[in-house]
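Chemist: need a 3D model of the following:
(2 chains)
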Amino acid sequence: MPPRLKGKAQCRWSIRFRDKERGGRSNFELPSFLCICMLPPAAAAAIRATAGSPRAVRRVHARLLKEGLADLPSAPALLVSAYARSCLFPDARRVFDDAPRRDLHLYSALLAAVSRSPTPALALPLLRRMLSEDALRPDHFVLASLAIAASRLRSLRLGRQLHAHFVASPYSADDIVKSSLVDMYCNCGVPQDARKVFESIGVKNSVVWTALVSGYASNGCTGEAIDLFRSMPARGLFTWTALISGFVKAGNNTGAVGLFVEMRRDGVRIDDAFVLATVVGGAADLAALVLGRQLHGFAIRLGFLSSMIVGNALVDMYSKCSDIHSAREVFEGITVRDVISWTTILVGEAQHGRAEEVLALYDRMLLAGMKPNESCWSYLERAAAIDSMKREYGIKPGLQHYTCYLDLVSRPGYLSEAEELITTMPYEPDEAINCKWDSVAKVRKIMAEMEIRKEPGYSWIEAGKESRIFHAGEVPLDVGEEITGFLEELVSEMRKRGYVPDTSSVMHDLEEHEKEQHLFLRGWL
DNA sequence: TATTGGGAGA
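Modeler: Residues are numbered from 1 along each chain as shown, chains lettered A, B, ... in the order given. Presented below is the predicted three-dimensional model:
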């Protein structure tokens, strides 16, 4: 809640001060002539106190406009920041455009906003305008924001240029710009360069430690991440979360779970839900249902049951573990759902071939006032959704939407509908839909040239506390005979009942009998 | 007077 502003009519802004004569605190009402040239501190405080509440920002802005204070020095910059904190980026931009003067403060406020917005690339034209039209030189605040923009854009080129300017600037000793550069180099995939900047920082705070730990881990340098983490002077929940999340991003989910267990042993208090959401995400990637259930129980004990981000992660975990009913149950228990909650359950239901549930959820989603985004559309019913997509939301359905719909109708076995869709859609089918083996071969060749190796697909089962991994065609030595014997029995029984292998799903260009073998255990049957 | 770190879906 924003603070109640003192005074109701015209220009009555007051300052609260310690009153020595009367004891306690009193209000000093600012004379109106003072308000003509400076923004009353109470007004500045009111803008800052809007803290991420869109309604509060609009209310305070309206009042400033009404009382003629909105154009006073520093008011536009404060408003730009306040709007950006509420994610109202177009409003922030409008305040900037309407401001009577454009100074460095105003530019740095908008650049900070733009760098964090969904369109950080807009920082560049803004920078050009600042340099040419208004002849302003970037200060350390502007440099820090530009580093964030480069980081979000994953633009190493821009980041390096910026770093060069920074080194040559009068601000080259600023630790906060250096922190932003550490983050930028990490996000651009060169944690070694981030380390060099990190070492140049005199007094390193927890922010920059965390940035580098996270950067190492998420770029797959888990050893360096752990070493750095262990050498930290103090480790809090934030840094643990960063480390564990880095492990999950790098695909080292078992490592992430191990770290979570260690964090618990360390007695770190879990005050917020981020770390739980992260580690549940790791369980989802492993499709480890037992572990996921344990984490679910843990979330309940810690009181995060109705938490949206943990809920979203649990819904995803259960549906990836093929337990769509539990996924649905968790979804129904989330008190405040966002577009991610809806997308997660929708995709889960769709991947389980439950087209009717998808449609019902879609209706509920609209009723709940949720605006489906582009990726959500991919899983919606063709006729209803694609039509409504064009007419109501102005999104042109792309090939990927048709592909996803095809997935949706073909999984539960509506093959004639799938076929009809392929022939009527306004696109040429691509490799994902048809057998374009020459294109596949081309991609494989490029991958070989770039030394990109595809991780072979594998499955696994949990048996007691252990989980066993199976690669395609691989038979574990100790139970090999048992498995192949049983499979041979099954296949001969299937053939007796009229089974003919459907080799169309073998994604390799092989001879027919090789494809058949591929469908079972390569080289064994 | 603005600047730095962790999260869930596609």
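
Chemist: any idea how far the spatially most central residue of chain A is from A:Ile309?
Modeler: For chain A, A:Ile340 is the residue whose C-alpha lies nearest the centre (CA atoms, centre = their mean; 10.0 Å). From A:Ile340 over to A:Ile309 the distance is 8 Å, taken as CB to CB, to the nearest Å. For every residue, glycine as well, the C-beta is placed using N, CA and C.

Chemist: ok, back up a step: which pLDDT does the model give the residue nearest to the centre of chain A?
Modeler: We have a pLDDT of 90 for A:Ile340.

Chemist: and for A:Phe229?
Modeler: A:Phe229 carries a pLDDT value of 93.

Chemist: give me the contact list for the strand or helix carrying it.
Modeler: A:Phe229 is part of helix A:222-230 when elements are defined by DSSP states H and E. Helix A:222-230 is contacted from outside by A:191, A:209, A:212-214, A:216-217, A:235, A:239, A:243, A:246-247, A:250, A:252, A:255, using CB atoms under 8 Å, 6 or more residues apart in numbering.

Chemist: try 7 Å this time
Modeler: A:Leu212, A:Val213, A:Tyr216, A:Ala217, A:Arg235, A:Thr239, A:Leu243, A:Gly246, A:Phe247, A:Ala250, A:Asn252, A:Gly255 (CB atoms under 7 Å, 6 or more residues apart in numbering).

Chemist: which residues in the stretch 301-450 of chain A form helices?
Modeler: With DSSP state H, counting those that start in this stretch, the ranges of helices along the stretch 301-450 of chain A come out as A:308-320, A:324-333, A:339-351, A:355-367, A:374-377, A:387-393, A:399-410, A:415-424, A:437-449.

Chemist: mean pLDDT lowest for which of those helices?
Modeler: helix A:387-393 (a mean of 57).

Chemist: state the mean pLDDT of stretch A:158-170.
Modeler: Computed over stretch A:158-170, the average pLDDT equals 94.

Chemist: and it, what's buried?
Modeler: A:Leu158, A:Gly159, A:Arg160, A:Leu162, A:His163, A:Phe166, A:Ser169 (16 or more other CB atoms under 10 Å).

Chemist: and these, which is closest to DNA strand B?
Modeler: A:Phe166 (11.5 Å; CB to the nearest atom of the strand).

Chemist: tell me which element A:Ile469 is part of?
Modeler: Going by DSSP H and E, A:Ile469 is part of strand A:466-471.

Chemist: which strands and helices sit next to that strand?
Modeler: strand A:458-463 (3 or more CB pairs under 7 Å, 6 or more residues apart in numbering; DSSP states H and E).

Chemist: returning to what we had before: any chance of JSON lines for the buried residues of stretch A:158-170, columns distance to A:Ala92?
Modeler: Formatted as JSON lines, the buried residues of stretch A:158-170 follow (distance: CB to CB, whole Å):
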{"residue": "A:Leu158", "distance to A:Ala92": "22"}
{"residue": "A:Gly159", "distance to A:Ala92": "24"}
{"residue": "A:Arg160", "distance to A:Ala92": "28"}
{"residue": "A:Leu162", "distance to A:Ala92": "22"}
{"residue": "A:His163", "distance to A:Ala92": "27"}
{"residue": "A:Phe166", "distance to A:Ala92": "25"}
{"residue": "A:Ser169", "distance to A:Ala92": "26"}
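
Chemist: quick one on the thing from earlier: most tightly packed of the helices of the stretch 301-450 of chain A?
Modeler: Of all the helices of the stretch 301-450 of chain A, helix A:308-320 has the most neighbours on average by mean count of other CB atoms under 10 Å, namely a mean of 26.

Chemist: walk me through the domains of chain A.
Modeler: Listed domain ranges for chain A are A:1-86, A:437-519 (source: automatic domain parsing).

Chemist: partner strands of the strand holding A:Ile469, parallel or antiparallel?
Modeler: strand A:458-463 (antiparallel) (DSSP bridges).

Chemist: I'd like the mean pLDDT over the partner strand, please.
Modeler: Mean predicted confidence for strand A:458-463 is 68.

Chemist: off-centre distance for the strand holding A:Ile469?
Modeler: From the chain centre to the centre of strand A:466-471 is a distance of 30 Å (CA atoms, centre = their mean, to the nearest Å).

Chemist: repeat for stretch A:84-97
Modeler: Using CA atoms, centre = their mean, the offset of stretch A:84-97 from its chain centre is 22 Å.

Chemist: and stretch A:343-353, by the same measure?
Modeler: 19 Å.

Chemist: contacts only, for A:Ala112.
Modeler: So A:Ala112 contacts A:Ser81, A:Ala84, A:Ser145 (CB under 7 Å, 6+ apart).

Chemist: give the contact list for the nearest residue in space to the first one that is not next to it in sequence.
Modeler: To tie it back to what came earlier, the one meant is A:Ser81. Nearest residue to A:Ser81, sequence neighbours excluded (CB to CB, 6 or more residues apart in numbering): A:Ala109, at 4.9 Å. Contacts for A:Ala109 (CB under 7 Å, 6+ apart) come out as A:Ala77, A:Val80, A:Ser81.

Chemist: is the first one in a helix, a strand, or coil?
Modeler: Reducing the assignment to helix, strand or coil with DSSP: H, G, I helix; E, B strand; the rest coil, the entry for A:Ala77 is helix.

Chemist: what distance do you get for the closest residue to it other than its chain neighbours to A:Thr278?
Modeler: Take A:Ala77 and drop its neighbours on the chain: the residue closest to it by CB to CB, 6+ apart is A:Ala109, 4.2 Å away. Computed as CB to CB, the A:Ala109 to A:Thr278 distance reads 32 Å.

Chemist: same check on A:Ser322?
Modeler: Distance from A:Ser322 to A:Thr278, by CB to CB: 22 Å.
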